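Peer 1: Requesting a structural model of the entry that follows:
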Amino acid sequence: MKIRLSAALVAALAAAGATAQTKWDLPSGYGANTYQVQNLQQFADEVDKATAGKLKIAVHPNASLFKANEIKRAVQSAQTPIGEFILSSAANEAPMFGLDSVPFLATSYAEARRLHEVSQPYLSNTLAAQGLKLLYAVPWPPQGLYSIKPVASTKDLKGTKMRAYNPATSAIAQSVGAQPVTIQLAELSAALATGGVDNFLTSSASGVDSKLYEQAKYFYDVNAWLPRNAVVVNQKAFDTLDRATQEAVLKQAAAAEQRGWRISEEKDGEYIKQLAAKGMKIDATSEVLKQELKLVGARMTEDWLRVAGADGKAIVDAYKK
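Peer 2: Now for the predicted structure:
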């Protein structure tokens, strides 16, 4: 009798252990070779270790599980418990998502970090209202202007096809007389090859990782803004975790954020050197172009403040102190 009970007990414990393990799929719209996804993978690995395998996170890069612009909605609707998306892609939903893509508001890592710190509580509240919990956010390097032809001023952009990936880039294209063309990063190289786009704003990292230097031969280091990728989890999915697992996830998320900011800044200079080595003409002295774009940015800051209201004013005032 005792033997039977022991066997039953072992079976019950084994079943309990099996059901205690949680598996999460984490989609990203970016390639496995990007530091953002590599940081995601390290976050997943560290969570696995910290929870002794209780929570396993499978990273799905390159829009293989959901398209980049579908990921946030997929997490909200619990199609997947966790995901990564670029915040500015959701700027039409709420002003807070578009803050880091307001041109020339924050143009260096130090400025972007300060803007991130003063705005994070507001961003967390905005996400919480949508049933999402912010785990961490990491910036891409400053946005530069890539072009297949030389650009001396914004007049040279008039009538061209400019890639857009969020409301801010669409607004910039319209402001300079270009036609905004919505293209996700994973599709940008193909669009360049087929003449679907003439120029675009993106980071040095994207230029290297997606081999954009193969068609776009000019890079203007205008440092327009530093967009952030955010990793969010469905709040209900997070709430199903036990307290120790929740604490492990939050601890590893904080580490991933610090690591990601450091890597982003370190790699920016390396990426620009690689673009030059691949034959791109790098121009960091295009003062006319920078000044004209800054005027566009000043108008867009005012536009953002109008729609963001009191919260937006509080953020910008605190940032500029």
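Peer 1: Would you map the strands across this structure?
Peer 2: Secondary structure of the chain, counting by DSSP state E: strands at 22-27, 55-60, 82-86, 132-139, 143-147, 161-164, 179-182, 199-203, 218-220, 228-234, 281-283.
Peer 1: Can I get those in CSV including mean neighbour count, distance to A74 and mean pLDDT?
Peer 2: In this view, the C-beta of every residue, glycine as well, is placed from N, C-alpha and C. Written out in CSV, the entries for the strands of the chain read as follows (neighbours: other Cβ atoms under 10 Å; distance: least, Cβ to Cβ, whole Å; pLDDT from 0 to 100):
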stretch, mean neighbour count, distance to A74, mean pLDDT
strand 22-27, 19, 7, 98
strand 55-60, 19, 11, 98
strand 82-86, 27, 6, 97
strand 132-139, 23, 11, 98
strand 143-147, 25, 26, 96
strand 161-164, 23, 22, 97
strand 179-182, 16, 19, 96
strand 199-203, 25, 24, 96
strand 218-220, 22, 33, 96
strand 228-234, 25, 9, 98
strand 281-283, 15, 38, 95
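Peer 1: Can you report how many residues lie near V118?
Peer 2: V118 is flanked by 18 other residues according to other Cβ atoms under 10 Å.
Peer 1: re the thing from before, just so I know, which of the strands of the chain lies nearest T301?
Peer 2: Comparison of the strands of the chain against T301 by Cβ to Cβ identifies strand 143-147 as nearest, at 15.5 Å.
Peer 1: Show residues contacting stretch 100-118.
Peer 2: 87-88, 91, 99, 137, 139, 142, 166, 168-169, 172, 223-228, 261, 264-265, 293-294, 296-298, 300-301, 304, 315-316, 318-319 (Cβ atoms under 8 Å, 6 or more residues apart in numbering).
Peer 1: before we move on, what about stretch 84-94?
Peer 2: Residues lying outside stretch 84-94 but in contact with it, judged by Cβ under 8 Å, 6+ apart, are 26-30, 36, 40, 68-69, 71-72, 97-101, 123, 126, 130, 137, 140, 165-168, 227-232.
Peer 1: how about that stretch: buried residues?
Peer 2: For stretch 84-94, the buried set under the neighbour-count rule, 16 or more other Cβ atoms under 10 Å, comprises E84, F85, I86, L87, S88, S89, A90, A91, A94.
Peer 1: Which two among those are spaced furthest apart?
Peer 2: Longest distance between any two of the buried residues of stretch 84-94 is 18.2 Å, between E84 and A94; criterion Cβ to Cβ.
Peer 1: which residues in the stretch 51-200 of the chain form helices?
Peer 2: Listed in chain order, the helices of the stretch 51-200 of the chain (DSSP state H, counting those that start in this stretch) span residues 71-76, 109-128, 167-175, 185-193.
Peer 1: can you give me how far stretch 296-307 is from the chain middle?
Peer 2: The gap between the average C-alpha position of stretch 296-307 and the chain average comes to 21 Å, counting by Cα atoms, centre = their mean, to the nearest Å.
Peer 1: pLDDT (mean, whole number) over that stretch?
Peer 2: Taken as a whole, stretch 296-307 carries a mean pLDDT of 94.
Peer 1: in it, what counts as buried?
Peer 2: When neighbours are counted by 16+ other Cβ under 10 Å, the buried residues of stretch 296-307 are found to be V296, G297, M300, T301, W304.
Peer 1: how about the third one, what does it touch?
Peer 2: What it means is M300. For M300, the residues meeting the contact criterion (Cβ under 8 Å, 6+ apart) are V102, P103, A168, A171, I172, S175.
Peer 1: redo that, cut-off 10 Å
Peer 2: Remark: with contacts taken as Cβ atoms under 10 Å, 6 or more residues apart in numbering, M300 is in contact with G98, S101, V102, P103, F104, L105, P167, A168, A171, I172, S175.
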